[in-house]
Structure formats: C-alpha cells, structure tokens
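S.K.: take a look and give me a structure for this.
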Amino acid sequence: QVQLVESGGGLVQAGGSLRLSCAAAGSIVSINTMGWYRQAPGKQRDLVAGITRWGSTNYIDSVKGRFTISRDNAKNTVYLQMNSLKPEDTAVYYCHAGVLVVDTTLLTGYRDLELWGQGSRVTVSS
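M.R.: Coordinates of the predicted model:
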C-alpha cells in the first residue's frame, strides 16, 4: 500500500518552532513534487510550500523567511521547519506528493498517483 505518513505538529507558543515530517511508504518508483498544505477551521486547504525533485522551492508570502521546506530523496521524505510561529499559522497541515508507482494492469506498466498525508494539527497560542 502506497501512503504518506506524517509526524510532528503539536501545541506551541507564538514565536516558537515546530518541524513536520512526511515519509512516503510503499512500492514507489519515483516522487515528483512534494508539498505542504494547511487548512484552518472554516477555510479551504491552501498550499504553504512546495519542492521539486531537484530542490526548487516555493512559498506563500505569509511564511517566507519563517518556514523552510526540504526533502531527502533517499528516504522519500519531505520536511517543513516552521520558525517564528504565529497564531494565524494554526491549522491542520497536510503533506502532498505526486508519485509514480508500478501498475501491471496498464500498458505502460506505471501509474501516476496524488497522495495526501493524514494531517498534523498545529496550534499556536498567543
């Protein structure tokens, strides 16, 4: 079974730091872009940061200079280091990955999948 497993998150005071991790498990041939999204109560899920297989990154303006996304391709893992946290960063954070897996039912033998992690709650108190 191919899946993303998240760890990290929790409760922290404003100005503090947290680190999220997300590991891809299963029979994965390759992973393309990986990213972190967040969903605050009553709001839609939005992209926070993304990283390509070759390490190119992008961030939403509100987290630039505070959050850092990174990945370890050997471990199929993506990280989100969150510093100088603010109450408005409170949300459930989800990792996402575009992966290529073996599928012998297809002519090409491969299938593209979009995977989501189970979500990690981050609460920043003021």
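
S.K.: who does the residue most central in space within the chain form a beta bridge with?
M.R.: Residue closest to the average C-alpha location in the chain (CA atoms, centre = their mean): residue 95, at 2.6 Å. Beta-bridge partners recorded for residue 95 (DSSP bridges): residue 36.

S.K.: got a list of what it touches?
M.R.: By CB atoms under 8 Å, 6 or more residues apart in numbering, the residues touching residue 95 are 4, 6, 20, 22, 34, 35, 36, 37, 78, 80, 116, 117. C-beta: built from backbone N, CA, C; applies to glycine.

S.K.: redo those as a markdown table? Include distance to residue 67.
M.R.: Formatted as a markdown table, these follow (distance: CB to CB, whole Å):
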| residue | distance to residue 67 |
| --- | --- |
| 4 | 19 |
| 6 | 16 |
| 20 | 10 |
| 22 | 14 |
| 34 | 14 |
| 35 | 12 |
| 36 | 8 |
| 37 | 12 |
| 78 | 12 |
| 80 | 6 |
| 116 | 19 |
| 117 | 17 |
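
S.K.: where's residue 68, which helix or strand?
M.R.: Using DSSP states H and E, residue 68 maps to strand 67-72.

S.K.: elements contacting that strand?
M.R.: Here strand 67-72 touches strand 28-39, strand 46-51, strand 57-59, strand 77-82, going by 3 or more CB pairs under 8 Å, 6 or more residues apart in numbering; DSSP states H and E.

S.K.: out of these, flag the one nearest residue 10.
M.R.: strand 77-82 (11.0 Å; CB to CB).
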